[in-house]
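Enquirer: Quick one: sequence and predicted model below, then my questions.
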Amino acid sequence: MQLEGKVAIVGGASRGIGRDIAVALAVAGAKVAVAARSEVEPDPRLPGTIHQTVEDIKAAGGDAIAVKADVSDEEQINAMVKTTLETYGRLDILVNNAAVLVPRGIMDLPTRHIDLHNKV
């Protein structure tokens, strides 16, 4: 395994591309801190949680932990890194895939959601 012994944090890993990156890193041998805000599914149109991603990784034989973190909040970022270091003792790979998805058309997007997109 080409990433054996490496440790990764993947932000935005509760679903979609972030989930797939986290699983791929684990399959390649990395231990993965699965980070995102989603501990529960907020909307049936957005399936997936950090806990489900960890379950998927473990089912594939990998090692992962779930870390709830909003990467737009510096304190939560620091806590995410601290948890990863306390659990695995190192950090080699950081993937910032976190983003905001509002399931509606651009013309219907409220200004506060546009501001949130730019913040993350």
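Expert: Great, that's in hand. Note that the structure is predicted; figures quoted are calculated from it, not measured.
Enquirer: and the longest helix for the protein?
Expert: Secondary structure of the chain per DSSP state H: the longest helix is helix 74-88.
Enquirer: pLDDT of that helix, averaged?
Expert: Average pLDDT, helix 74-88: 97.
Enquirer: If we go by neighbour counts, what in that helix is buried?
Expert: Neighbour counts over helix 74-88 (16 or more other CB atoms under 10 Å) mark 76-77, 80-81, 83-84, 88 as buried. For the C-beta atoms, the positions are set from N, CA and C on the backbone; glycine is no exception.
Enquirer: List the buried residues of the helix or strand hosting residue 64.
Expert: Using DSSP states H and E, residue 64 maps to strand 63-68. The neighbour-count check on strand 63-68 (16+ other CB under 10 Å) flags 64-68 as buried.
Enquirer: what sits up against that strand?
Expert: Here strand 63-68 makes contact (CB atoms under 8 Å, 6 or more residues apart in numbering) with 9, 22, 26, 31-37, 39, 49-51, 53-54, 57-58, 76, 79-80, 83-84, 87.
Enquirer: pLDDT weak spots in the chain?
Expert: Within the chain, the stretches with pLDDT under 70 are 100-102, 116-120.
Enquirer: ends of stretch 12-31, how far apart?
Expert: 16 Å (CA to CA, to the nearest Å).
Enquirer: swap in stretch 34-46?
Expert: Using CA to CA, the two ends of stretch 34-46 sit 17 Å apart.
Enquirer: Buried residues, that stretch. List them.
Expert: In stretch 34-46, counting by 16+ other CB under 10 Å, buried: 34-38.
Enquirer: Stretch 45-56 now?
Expert: So for stretch 45-56, counting by 16+ other CB under 10 Å, buried means 48-50, 52-54, 56.
Enquirer: now swap in stretch 15-25 and tell me
Expert: So for stretch 15-25, counting by 16+ other CB under 10 Å, buried means 15, 18-19, 21-25.
Enquirer: Now, these that are in strands?
Expert: Among the buried residues of stretch 15-25, no residue falls in strands (DSSP state E).
Enquirer: With respect to residue 4, which of those residues is nearest?
Expert: Among these, residue 25 lies closest to residue 4 (CB to CB), at 11.4 Å.
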